[in-house]
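Participant: After the sequence you'll find the predicted model.
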Amino acid sequence: MSDRLPELQRQRALIQGHLDWLDQEIATAKGQPVKPATIPLPVPQAATTAPAAPVSAAMDTQLADEVIAKFETETKDSTQSVRRGCFVFFALAMTILLLGIYGLYRYSKYRHANDPAPKAQSAQVPPDSR
């Protein structure tokens, strides 16, 4: 017998249990009498080795509140981290843009530094040339 067979049987039993639950819910919604589940679910092997400690509803609620509080603070921290990253990226992009514009200005000024000055043209045209 392969190692895979018990796992496949366990999965089949779980799915059958879910189908039985769906049948019960459908019967309840239709107003029909509810039939009890006929196939008992097998206990997983990990659960048979160590008995589960009894957990009260108060402990469940406290544990749930701790988990929610943990993820709530992480969400606030990650939101602040993302916001800070956006501002840093924006500042870096603006710096690169301004350095590029300044570089173009300096290049243009250097390129045209030795150009002759434009000749002054008189605004008045002599009357003879008309």
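Facilitator: Now that the structure is in, tell me what you want to look at. Numbers count the residues shown, from 1 in each chain.
Participant: chain center to the helix or strand hosting residue 7, what's the gap?
Facilitator: Using DSSP states H and E, residue 7 maps to helix 4-30. Distance, stretch centre to chain centre, for helix 4-30: 33 Å (C-alpha atoms, centre = their mean, to the nearest Å).
Participant: List the buried residues in it.
Facilitator: Buried residues in helix 4-30, counted by 16 or more other C-beta atoms under 10 Å: residue 20. Where you see a C-beta, it was placed from the backbone N, CA and C, and this is true even at glycine.
Participant: Break the chain down into its domains, please.
Facilitator: According to automatic domain parsing, the chain comprises the domains 7-50, 53-112.
Participant: Pipe these into CSV and attach mean pLDDT and distance to residue 121 per row.
Facilitator: Supplementary listing: the domains of the chain in CSV, determined by pLDDT from 0 to 100; distance: least, C-beta to C-beta, whole Å:
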stretch, mean pLDDT, distance to residue 121
domain 7-50, 76, 93
domain 53-112, 86, 20
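Participant: Relative to the whole chain's centre, how far out is the strand or helix carrying residue 98?
Facilitator: In this assignment (DSSP H and E), residue 98 forms part of helix 57-111. Distance of helix 57-111 from the chain centroid (C-alpha atoms, centre = their mean) equals 14 Å.
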